[in-house]
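Colleague: Provide a 3D model corresponding to the input given below.
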Amino acid sequence: MSRQNLCTTLFALLFLASTISAADKPTLLEARKIWDRGGHNAFTDLVRHNNRWYCVFREAKGHVSPEGKIRVLTSSDGKKWTSAALLSRAKSDLRDPKINVAPDGRLMVLGAASWHEKTAKVNRQPMVWFSKDGKAWSEGVEVAEPNFWLWRVTWHKGVARGIGYGRRGNNRQIRLYESRDGVDYKTLVSNLFDKGYPNETSIIYQKNDTALCLLRRDGKPNTGLLGTSQPPYTKWTWKDLGVRIGGPHMIQLPDGRLLAATRLYDKPVRTALSWLDPKTGTLKEFLTLPSGGDTSYPGLVWHDGVLWVSYYASHEGKTSIYLARVKL
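Modeller: Take a look at the predicted model:
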């Protein structure tokens, strides 16, 4: 091969490599505001069901205020969003809703009624609501235990499991629950973990039924943890991620990669997407979403080769709801 042909070939290979690298790089396709009508709009979750999108979040006067309600938005295309329902409870602050689809096909919203009086014996009560169409919702039903905030449940083979964290006095432990109908919960592990004030969680199941749990901590230490367990999920091992996280959620992509969406606290505070390595127990941030200040609590859906992320942020002034689409 002549020197000229060799140079041409090398150039072509380098160009091909750079093209492949650029194609593989995660790309933010869009991030736009979808709701800001409440005084404070925050704490989201997202699901796709029967060819429609549903986004839920808390709408109130402030981050902590006594009149919080749960707003349900819906969309056919992810662009135009309308309000489908507004869930409320008298004299209660409804907080941090999570939405999923129960095995019977109904939409299920899990949230917590909150009371902010310091003298109240109960300051958190987990609740659920169900709907066949996203518009008409059942009355809220109290579930699990008072003062243990059941954060998020994940359905796996007809069973919903989720972790509640203690909310009274020195009660700083997490408790694992399971249910077959989303209403009646039994305690599977009474004290799952109790070091560093563990609280918010996200659980996923791998193809071999291994459960993974992404866990936030706010005490000393305050670094996030990754838990691993095998059926029947009564024994867990934990790895320290070495970084503080907030509003954790995660998803496993069709190719097996684990993706975490969290608030990261090293300046500036932001909502970020990271690759999660369960073997090493490490997070590697790869994309910062347009965000800042009061932010995070994402919902995650993989649809048609694109990651859809709902979240809230206050980087544009008012705390509002955003939707991002990311090509991976």
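
Colleague: to which secondary structure element is the residue nearest the centre of the chain assigned?
Modeller: Closest to where the C-alpha atoms of the chain average out (CA atoms, centre = their mean) is His249, at 3.5 Å. In this structure, His249 is located in strand 245-252 according to DSSP states H and E.

Colleague: could you list every helix and strand in contact with the helix or strand following that strand?
Modeller: Moving toward the C-terminus from strand 245-252, the next helix or strand (DSSP H and E) is strand 258-264. In terms of contacts (3 or more CB pairs under 8 Å, 6 or more residues apart in numbering; DSSP states H and E), strand 258-264 is packed against strand 211-217, strand 245-252, strand 270-277, strand 282-288, strand 296-303, strand 306-313. All C-beta spots, glycine's among them, are computed from the backbone N, C-alpha and C.

Colleague: pLDDT of strand 258-264, averaged?
Modeller: Average pLDDT, strand 258-264: 98.

Colleague: got a list of contacts for that strand?
Modeller: Strand 258-264 has contacts (CB atoms under 8 Å, 6 or more residues apart in numbering) with 204, 212, 214, 216, 224, 243-253, 269-278, 283, 285, 295-298, 300, 307, 309, 311, 328.

Colleague: chain center to stretch 221-239, what's the gap?
Modeller: With CA atoms, centre = their mean, to the nearest Å as the basis, stretch 221-239 stands 17 Å off its chain's centre.

Colleague: cool, and stretch 248-262?
Modeller: Distance of stretch 248-262 from the chain centroid (CA atoms, centre = their mean) equals 10 Å.

Colleague: now do stretch 132-139
Modeller: 22 Å.

Colleague: start to end distance for that stretch?
Modeller: Terminal residues of stretch 132-139 lie 13 Å apart, using CA to CA, to the nearest Å.

Colleague: just the residues contacting it, thanks.
Modeller: Stretch 132-139 has contacts (CB under 8 Å, 6+ apart) with 49, 52, 54, 72, 74, 84-85, 87, 105-107, 109, 129-131.

Colleague: quick one: buried ones out of the residues you listed?
Modeller: Neighbour-count burial (16 or more other CB atoms under 10 Å) is assigned, among the contacts of stretch 132-139, to 49, 52, 54, 72, 74, 84-85, 87, 106-107, 109, 129-131.

Colleague: let me have those residues in JSON lines, extended by pLDDT and distance to Leu323.
Modeller: Shown next, in JSON lines, are these (pLDDT from 0 to 100; distance: CB to CB, whole Å):
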{"residue": "His49", "pLDDT": "98", "distance to Leu323": "16"}
{"residue": "Arg52", "pLDDT": "98", "distance to Leu323": "14"}
{"residue": "Tyr54", "pLDDT": "98", "distance to Leu323": "12"}
{"residue": "Val72", "pLDDT": "98", "distance to Leu323": "15"}
{"residue": "Thr74", "pLDDT": "98", "distance to Leu323": "13"}
{"residue": "Ala84", "pLDDT": "98", "distance to Leu323": "16"}
{"residue": "Ala85", "pLDDT": "98", "distance to Leu323": "18"}
{"residue": "Leu87", "pLDDT": "98", "distance to Leu323": "20"}
{"residue": "Arg106", "pLDDT": "98", "distance to Leu323": "24"}
{"residue": "Leu107", "pLDDT": "98", "distance to Leu323": "18"}
{"residue": "Val109", "pLDDT": "99", "distance to Leu323": "18"}
{"residue": "Trp129", "pLDDT": "98", "distance to Leu323": "22"}
{"residue": "Phe130", "pLDDT": "98", "distance to Leu323": "24"}
{"residue": "Ser131", "pLDDT": "98", "distance to Leu323": "21"}
